[in-house]
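Visitor: based on what follows, work out the 3D shape:
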Amino acid sequence: MGANADVLREILLPRLEGVKKSGGSFMARCPAHDDSTASLSITEGKTHPIVLNCKAGCETADVLAKIGLTVDDLCKPQDGEAQSRGEWTPCGEAVAIYDYADENGKLLYQVCRTAKKDFPLRVPDATRKTGWRWSLGDTRRVLYRLPKLAEAIKSGGIIYIVEGEKDVQSVERAGAVGTCNMGGAGGGWREEYSESLRDAIVVIIADKDKGGQQHARNIMASLKGVAAAVEINEAAGDHKDVTDHLNAGLTLADLEVTRQEDDYEPDLAPDLYEFLAIVDPPSDWVIPELLERGDRLIWTGFEGQGKSVVIRQIAVCAAAGTHPFTREPIGPQRVLFIDCENPDRKSRRHFRKLEAIARANGFPVPAGALRILQKPAGIDLTRDEDAAWLLERVTAHRPDLLVCGPFYRLHAADTNDEKAARIVVSALDAARIKADCALITEAHAGHGDGANRSVRPTGSSLLMRWPEFGYGIKPLGEADENHRHRHVAVLPWRGPREERHWPRELIWGTHELDWPWKPADGLNLPPL
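Guide: Next up is the predicted model:
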């Protein structure tokens, strides 16, 4: 958006309410009148830096006066420390200059930012004609805003570590203390930076990309045993970084926690009498008589016979607060659905239909109850980075039910590789335990052929031993003209460790507003 983007994003937008991006401009609630519809348009102009247009007819001067600004304020150069905008650098004119000083405020070096987002560095050097040397050499590297950190640590305030200097300034406008290392995620974190934060209370705000999330984890690891407390946060919703988050009218308190320090204290195991003295709580059902908190279920079936539909139906029903087979109210559950196989468009088509059925049956899905993450390329939980990503997602979303799969898209190894399978189930268990949730994953069935084909999962034999429950659907009767079976048996291939009331058979719903799968013969209830 050019040089005016600093004034727009850093000065004007944070003072407005209800800010939303709309194409190449923004909409917000007009502060000059009682506005509930976000009628103020904000765009970057050609003859004026920023153009405000209130659809209710409010004058620009009146709008700005309500938020403590004038038209002149919009024309002033901004960017905090960029007192010398337009200064020459080897990479083009600087649009911002950031001072890095030692604990006493003595300038050590400056980071210059150009319009093309190059960041040349310069060090004060009286021997040079220009007064600057364009290389750091052995100059001491420090954290941005270092002089402010000691005071914040002493007073017990929170220090927010972000990815760049502009984000630090956004945090400061929100009334907090921020810092970053030179170069952000690409600059690397040094051990001496951690020492500057000894005994500090630290919140690391990760940008929502692989580099930003890994950078945050590296900082957290470096601060272990140094800082008094550390956690990783991310911007809420679809906002990619803390500046977007704050410009949208959110606060630092609205950030989402994705990782916290593990507070582990070694302890001796209880003896027999301590163990037996504990009174177990009643079953904590996610879906009554089907899934208890902590359960692991692998659901299998043959290709193209609707096994994925069953899982989506369970997810939508749990979020809507209705039992997927009895239709009884159960209370809405938080569901996180991570689809590692289907493209976005296909998933939207399926979930749109299920949402309409839930609403038509009197159980609309509450906003925020079902969160869907699309990973059609799959994730590889044998990699530390992807396993950490999963753990951070469940920490942020705190689901009662986690659906993640299918299993073969959770790693890149051979499906029969037991070592890879062990790493994957370990990562899934870590996520399940962190969220204290029930877990469903899907697997393909493929043993045998024809009538003798088994619903046991293909791949490592570990899948037969790991879950508490394993069920699969197997066609009954003849297929229809589309080669799909509308009547299936529900077969347990993993003997239940505890009694559960899953249906014995399912039939395909015939009405547009029927749930796709309905019990054909009631539930598998114990005999009277």
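Visitor: what pLDDT does residue 373 get?
Guide: Note for residue 373: predicted pLDDT of 96.
Visitor: look at it and give its secondary structure.
Guide: Assigned with DSSP: H, G, I helix; E, B strand; the rest coil, residue 373 falls in the strand class.
Visitor: contact partners for the residue nearest to it when sequence neighbours are not counted?
Guide: Nearest non-adjacent residue to residue 373, counting by Cβ to Cβ, 6 or more residues apart in numbering: residue 338, 4.7 Å away. Quick note: C-beta positions are derived from backbone N, CA and C, even for glycine. Contacts were defined as Cβ atoms under 8 Å, 6 or more residues apart in numbering; by that measure residue 338 touches 372, 373, 375, 379, 390, 393, 402, 403, 404, 405.
Visitor: change it to 10 Å
Guide: Listed by Cβ atoms under 10 Å, 6 or more residues apart in numbering, the contact partners of residue 338 are 371-375, 379, 390, 393-394, 397, 399, 402-405, 409-410, 431, 441.
Visitor: just residue 299 next, same as before
Guide: Counting by Cβ under 10 Å, 6+ apart, residue 299 makes contact with 307-308, 310-311, 314, 403, 405-406, 440-443, 445, 455, 457, 467, 469-473, 490.
Visitor: neighbouring strands of the helix or strand where the residue nearest to residue 373 lies in the sheet, and parallel or not?
Guide: Assigned by DSSP states H and E, residue 338 belongs to strand 335-339. Using DSSP bridges, the strands paired with strand 335-339 are strand 370-374 (parallel), strand 401-405 (parallel).
Visitor: tell me the mean pLDDT for the last one?
Guide: Mean pLDDT, computed over strand 401-405, is 97.
Visitor: can you name the element that comes right after that strand?
Guide: helix 418-435.
Visitor: ok, then the element right after the helix or strand bottoming out on mean pLDDT in the chain?
Guide: Least confident helix or strand, the chain: helix 5-7 with a mean of 60, by mean pLDDT, DSSP states H and E. Per DSSP H and E, the first helix or strand lying C-terminal to helix 5-7 is strand 17-22.
Visitor: which strands and helices sit next to that next one?
Guide: For strand 17-22, the elements it packs on are strand 25-29, strand 40-44, helix 242-247, judged by 3 or more Cβ pairs under 10 Å, 6 or more residues apart in numbering; DSSP states H and E.
Visitor: now the longest one, how far from the centre of its chain.
Guide: From the chain centre to the centre of helix 242-247 is a distance of 15 Å (Cα atoms, centre = their mean, to the nearest Å).
Visitor: report the buried residues of it.
Guide: 242, 243, 244, 245, 246, 247 (16 or more other Cβ atoms under 10 Å).
Visitor: which residues touch the third one?
Guide: Residue 244 is in contact with 9, 13, 21, 167, 170, 207, 208, 235, 236, 237, 238, 250, counting by Cβ under 10 Å, 6+ apart.
Visitor: switch to 8 Å and redo it
Guide: Taking Cβ under 8 Å, 6+ apart, one finds residue 235 in contact with residue 244.
Visitor: all numbers from here: first residue = 170
Guide: OK, 170 is where the count begins now, so the last one is residue 413.
Visitor: going on from the strand holding residue 507, what's the next piece of helix or strand?
Guide: helix 513-529.
Visitor: got the angle between that following helix and strand 539-543?
Guide: 170 degrees (axes from the mean of the first three to the mean of the last three Cα atoms, to 10 degrees).
Visitor: does anything pack onto helix 513-529? Which helices or strands?
Guide: Secondary structure elements in contact with helix 513-529, counted by 3 or more Cβ pairs under 8 Å, 6 or more residues apart in numbering; DSSP states H and E, are helix 476-489, strand 539-543.
Visitor: make it 10 Å
Guide: With contacts taken as 3+ Cβ pairs under 10 Å, 6+ apart, helix 513-529 sits against helix 476-489, strand 504-508, strand 539-543.
Visitor: okay, these in JSON lines with distance to residue 648 next?
Guide: Output for those, formatted as JSON lines (distance: least, Cβ to Cβ, whole Å):
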{"stretch": "helix 476-489", "distance to residue 648": "15"}
{"stretch": "strand 504-508", "distance to residue 648": "26"}
{"stretch": "strand 539-543", "distance to residue 648": "30"}
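Visitor: which stretch among these comes nearest residue 270?
Guide: With Cβ to Cβ, the closest approach to residue 270 among those belongs to strand 539-543: 41.8 Å.
Visitor: what ranges does the stretch 270-419 of the chain have for its strands?
Guide: Along the stretch 270-419 of the chain, the segments classed as strands by DSSP state E, counting those that start in this stretch run 276-283, 290-293, 301-302, 327-330, 346-348, 370-375, 398-403.
Visitor: just the CA coordinates for stretch 601-612, please, in CSV.
Guide: Provided in CSV are the C-alpha atoms of stretch 601-612 (Å, rounded to 0.1, in the frame of the first residue of the first chain):
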residue,chain,number,x,y,z
ARG,A,601,-5.4,-36.3,22.9
ILE,A,602,-3.9,-36.1,26.4
LYS,A,603,-3.2,-32.4,26.1
ALA,A,604,-6.8,-31.6,25.3
ASP,A,605,-8.3,-34.4,27.4
CYS,A,606,-10.5,-35.2,24.5
ALA,A,607,-11.8,-38.2,22.6
LEU,A,608,-10.0,-39.0,19.3
ILE,A,609,-11.3,-40.5,16.0
THR,A,610,-9.2,-41.3,13.1
GLU,A,611,-10.1,-43.1,9.9
ALA,A,612,-8.3,-46.0,8.2
